[in-house]
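[1] One predicted model, sequence on top.
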Amino acid sequence: ERQYIGRRSGNVTEPKAVVPKMNVVLAVKQYIGRMIDDSGAGMKVLLMDKESISIVSMVYAQSEILQKEVYLFERIDGGGRETMKHLKAVCFLRPTQENIGLLCEELRSPKYGLYYLYFTNFIRQSDVKKLADADEQEVVREVQELYGDYIAVNPHLFSFNISGCCQTGAPGQLWEADTLKRVVDGTAALLLSLKKRPVIRYQKSSDMARKLAEDVQTVIDHEASLFDFRRPDVSPVLLVVDRNDDPVTPLLNQWTYQAMVHELMGITNNRVDLTGVQGLSKEMQEVVLSSEQDEFYQANMYSNFGEIGAAIKTLVDQFQDKQKSQAQIESIADMKAFVENYPAFRKMSGTVSKHVAVVGELSKRVMERNLMEVSETEQQLACQSDHSGALQRVRQLLAKESVTHVDAMRLVLLYAIRYERHGSNDVQGLHDMLSRRGTPANYRRLLSSIIEYAGKTKRGSDLFGTQNPLSFTKKFLKGLKGVENVYTQHRPLLVDTLDSLVKGKLKEMQFPFVKDFQLKERPQDVIVFMVGGTTYEEAMAVAGLNKTLQGVRIVLGGTAVHNCKSFFDEVAQATTGISRGNQGRAAARGGIH
């Protein structure tokens, strides 16, 4: 019998298994697994849209889904699909007006035998009625909401893959309307998928953080029955912060595996493009780095570059030993063992080839770009207070041809932020040096943009600990404790914010509650969302806090996961029309190359 009900999985037939450790990958994976299982036995096609394809691919390998009798993967907006009445269609779609329209067309002229409709978020009753009217042949068996409306990057990291969320030309930084709706809907879905009804706090210095916090609270109040979870002893907390409170972290070069790959090569939905790398086979042109599907990556994603080199050597040695043992086939029993072990052997071969290629390319870029010297200066700018020494080192590096425009720009931006109010500030002199070395004008414009976006008057925090000399000394000593080398001294501001939050010391003046609320106990479950994008360095810091803070579970999210180049774009887009006339959203969205 057909079910034309927006069945809401917050309180309907929920699986009994509780999602452990607020694991966002597992939360989405459970939804998708349940969706496919609920459609029953038989061959299936998975029908998705451009966003839900990314949501699925982040948590499931194609080989895993094939085991669930899903043999075809199609886009609802893709033309030329064949009619295959022997297949069941499992549709996993965002409930946008475009998708509702495409689905109505599909149902009027169905290509598959039966349809099971699953939406990643709230679907309006009027849209359910449109679908019912379109289903003249009565092929729909199920309509449900499953709240997997976000990109689960790591178990404790999620994103919306949105670069540039400000209105262009607006006075100050305000949300672009469609982006705000997407982020509010996605954040509400995230909370439902983790079964949390949180107390919400936000960064007072950010209008965008306040607006998002208030709008999420409105959704929770409006959908009160969905958020009617068993109340824990201590309320979970949703903390909304703004990237502009810490512009330093996304500007720094990185030295741990996941963050370094994103910084130097770029990671898009767990995929790394290696097309420009010489000597690689065709199947190695794009590789997948997923902690769910790659044990080596899972074990080493937070290892520093030196440790990765040693781990790769061990991996290669193990593989060579296996290769030797595989070569010694002398009996039927040896042959049987070889056949049984071949899939694992082949998988290991792929893992070795992939990581050797990636690490080899990282090493090459570190050498070519003189990144060790560049990074040491970045860390000194971020963590120490020595104006004349810093200025001298930045000038020396700008004079070197091996330093790329991106690295030159990040050094000057770090200097501009760090010494914005210093009496001997020489930003103009550095700008002139950038101009002489041929740094593109759109890069140089970032010098004024970064102050407009995240200068001292915009930040709510004491980013460098300068207002309180004691706090700076403590922060500096804390940073040195357990530091392996000069390249990893920096600690993101987020670490201090979360440390204060879980100790019950986060000041209400700086991070007020959306509703009048007193949090008496220290929070245990924390979701922190960063407007304007987060970074893999911050994700690694959160993973560290989850390990060291007993009884505390933290999930980090952001509009995007930035590297330096995408952060440049974010800053340019956020300040277009403020500091240099309204050049329009399209110009800002064009990005910096």
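    Everything's here; your move. Residues are numbered from 1 along each chain as shown.
[2] CA only for contacts and neighbour counts going forward, please
    OK.
[3] which stretches of the stretch 351-500 of the chain form helices?
    Using DSSP state H, counting those that start in this stretch, the helices of the stretch 351-500 of the chain run over residues 371-383, 387-398, 405-418, 427-436, 441-444, 446-454, 469-480, 493-502.
[4] Quick check: which of those is buried the most?
    helix 405-418 (a mean of 23; mean count of other CA atoms under 10 Å).
[5] So what angle separates the directions of that helix and helix 371-383?
    Angle of helix 405-418 versus helix 371-383, following axes from the mean of the first three to the mean of the last three CA atoms, to 10 degrees, is 20 degrees.
[6] Touching helix 405-418 from outside, list them.
    248, 251-252, 374, 377-378, 381-382, 390-391, 394, 397-398, 425, 427, 430-431, 434, 439-440, 443-444, 446-447, 450-451, 454-456, 464, 564-565 (CA atoms under 8 Å, 6 or more residues apart in numbering).
[7] coming back round to it: quick one: closest of the helices of the stretch 351-500 of the chain to L238.
    Closest approach to L238 among those is made by helix 493-502 (10.9 Å; CA to CA).
[8] Extract the C-alpha set from the closest one and format it as CSV.
    Extracted in CSV, the C-alpha atoms of helix 493-502 (Å, rounded to 0.1, in the frame of the first residue of the first chain):
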residue,chain,number,x,y,z
LEU,A,493,41.8,29.7,18.6
LEU,A,494,39.0,27.1,18.5
VAL,A,495,40.9,24.9,20.9
ASP,A,496,40.9,27.6,23.6
THR,A,497,37.2,28.4,22.9
LEU,A,498,36.2,24.7,23.3
ASP,A,499,38.4,24.2,26.3
SER,A,500,36.7,27.2,28.0
LEU,A,501,33.2,25.8,27.0
VAL,A,502,33.7,22.3,28.4
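[9] tell me the mean pLDDT for whichever strand in the chain runs longest?
    In the chain, taking DSSP state E as the definition, the longest strand is strand 84-93. The average pLDDT within strand 84-93 is 96.
[10] For it, buried residues please.
    Going by neighbour count (16 or more other CA atoms under 10 Å), the buried part of strand 84-93 is L87, K88, A89, V90, C91, F92, L93.
[11] So what are the sheet partners of it and their directions?
    Next to strand 84-93 in the sheet, as set by DSSP bridges, lie strand 44-48 (parallel), strand 112-119 (parallel).
[12] Give me the distance from it to the chain's centre.
    Centroid separation between strand 84-93 and its chain, computed with CA atoms, centre = their mean, to the nearest Å, is 30 Å.
[13] Would you mind putting the CA coordinates of it into PDB?
    Provided in PDB are the C-alpha atoms of strand 84-93 (Å, rounded to 0.1, in the frame of the first residue of the first chain):
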ATOM      1  CA  MET A  84      14.000  -0.700 -16.800                       C
ATOM      2  CA  LYS A  85      10.700  -1.800 -15.200                       C
ATOM      3  CA  HIS A  86      12.400  -4.800 -13.500                       C
ATOM      4  CA  LEU A  87      14.400  -2.400 -11.200                       C
ATOM      5  CA  LYS A  88      13.100  -0.700  -8.000                       C
ATOM      6  CA  ALA A  89      14.100   3.000  -7.800                       C
ATOM      7  CA  VAL A  90      15.400   4.100  -4.400                       C
ATOM      8  CA  CYS A  91      15.400   7.900  -4.600                       C
ATOM      9  CA  PHE A  92      17.600   9.900  -2.300                       C
ATOM     10  CA  LEU A  93      17.100  13.600  -2.900                       C
END
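[14] can you tell me which residues contact the residue nearest to H86 when sequence neighbours are not counted?
    Leaving aside its chain neighbours, H86 sits nearest to G113 (5.8 Å; criterion: CA to CA, 6 or more residues apart in numbering). G113 makes contact with M84, K85, H86, L87, K88, A89, V139, according to CA under 8 Å, 6+ apart.
[15] Below-threshold pLDDT in the stretch 301-450 of the chain: ranges please.
    Counting by pLDDT under 70, the ranges of the stretch 301-450 of the chain that qualify are 323-347.
[16] swap in the stretch 451-593 of the chain?
    If you take pLDDT under 70 as the line, the stretch 451-593 of the chain has these spans: 466-485, 577-593.
[17] Same check on the stretch 151-300 of the chain?
    For the stretch 151-300 of the chain, the stretches with pLDDT under 70 are 169-172.
[18] Show me where it has its strands.
    For the stretch 151-300 of the chain, strands defined by DSSP state E, counting those that start in this stretch occupy the ranges 151-154, 157-159, 199-202, 237-242, 271-273, 286-288.
[19] Right, I'll leave it there.
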